[in-house]
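[1] A predicted structure for the sequence below; I have some questions about it.
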Amino acid sequence: DCVVAPGQVIEKEWLIKNTGDIAWPKGTKLVSIHGSTFGTDVSVDIKEQVKVGEVYKLRTRLVVPTKTGKHTAKFMLSFEGQTFGHKYWVNVCVSKFPNKAQLMDLAKEFIADPAVVGVLQGELPQILKDLRNGKKLATIVDALAEKEPHLMEHSFMVFIRPFLQSVESFMGMQLEAAIGMYSLWAMTPFTP
């Protein structure tokens, strides 16, 4: 199961092989089937004939439910309203707050993505400069999101971005409280 945020848009891709006895004609579609808890409005056209033995890359974008829990989108191929072939599916676990292990897995997926690595390598000098100049991490991530919006589609960024903003706000309040307590302590006369 893939851990995703409520209402997140995800992309799913299958490499499907025609193992049947006849070609799939142009106009064949991937359609949602009974038992799906999301993606019921999805219909993806196969743009060309797929001959017996050929492989076709099928891709769709799905909006996951806003309700937390496990959800499944189920699909089959269809031609002229008649479904056929194998079933295809997407399992997701919608969570508002992933646990530590889930967040670590999301971070590993994020860092393993070649597109992410390329962006981060290019942006690293600026990120380090901003950190040295005292910029908040949430502000740096927001700037990166404006520059490279595709990064924000990744589940890790969907979860971590609001967390960074909340942590910085919380840490700011904690720092202000600590400074206030220290100031009060420093002004308190002590007698031996």
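    Looks like it arrived, so ask away. Numbering: from 1, shown residues only.
[2] so where's the longest strand in this structure?
    strand 82-94 (DSSP state E).
[3] got a list of contacts for that strand?
    1-6, 10, 12, 14, 16, 20, 30-31, 33, 38-39, 58, 62, 64-78 (C-beta atoms under 8 Å, 6 or more residues apart in numbering). C-beta coordinates here come from the backbone N, C-alpha and C atoms, glycine included.
[4] mind listing what the residue positioned nearest the centre of the chain touches?
    The residue lying closest to the centre of the chain (C-alpha atoms, centre = their mean) is S155, at 2.3 Å. The neighbourhood of S155, defined by C-beta under 8 Å, 6+ apart, consists of C2, V3, V4, A5, Q8, I10, L106, E109, F110.
[5] how about the nearest residue to the first one, chain neighbours excluded?
    Of all residues beyond its chain neighbours, the one nearest C2 is V92 (5.1 Å), with distances taken as C-beta to C-beta, 6 or more residues apart in numbering.
[6] try the last one
    Take F110 and drop its neighbours on the chain: the residue closest to it by C-beta to C-beta, 6+ apart is F156, 3.9 Å away.
[7] if I've got this straight, that neighbour is in a strand?
    No: applying DSSP: H, G, I helix; E, B strand; the rest coil, one finds F156 to be helix, outside a strand.
[8] which residue ranges of this structure form helices?
    Under the criterion DSSP state H, the chain contains helices at 100-112, 114-132, 137-147, 155-187.
[9] and these as a markdown table, adding mean pLDDT and distance to G85?
    Putting these into a markdown table (pLDDT from 0 to 100; distance: least, C-beta to C-beta, whole Å) gives the following:
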| stretch | mean pLDDT | distance to G85 |
| --- | --- | --- |
| helix 100-112 | 84 | 29 |
| helix 114-132 | 87 | 31 |
| helix 137-147 | 87 | 40 |
| helix 155-187 | 67 | 29 |
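[10] that'll do, ta.
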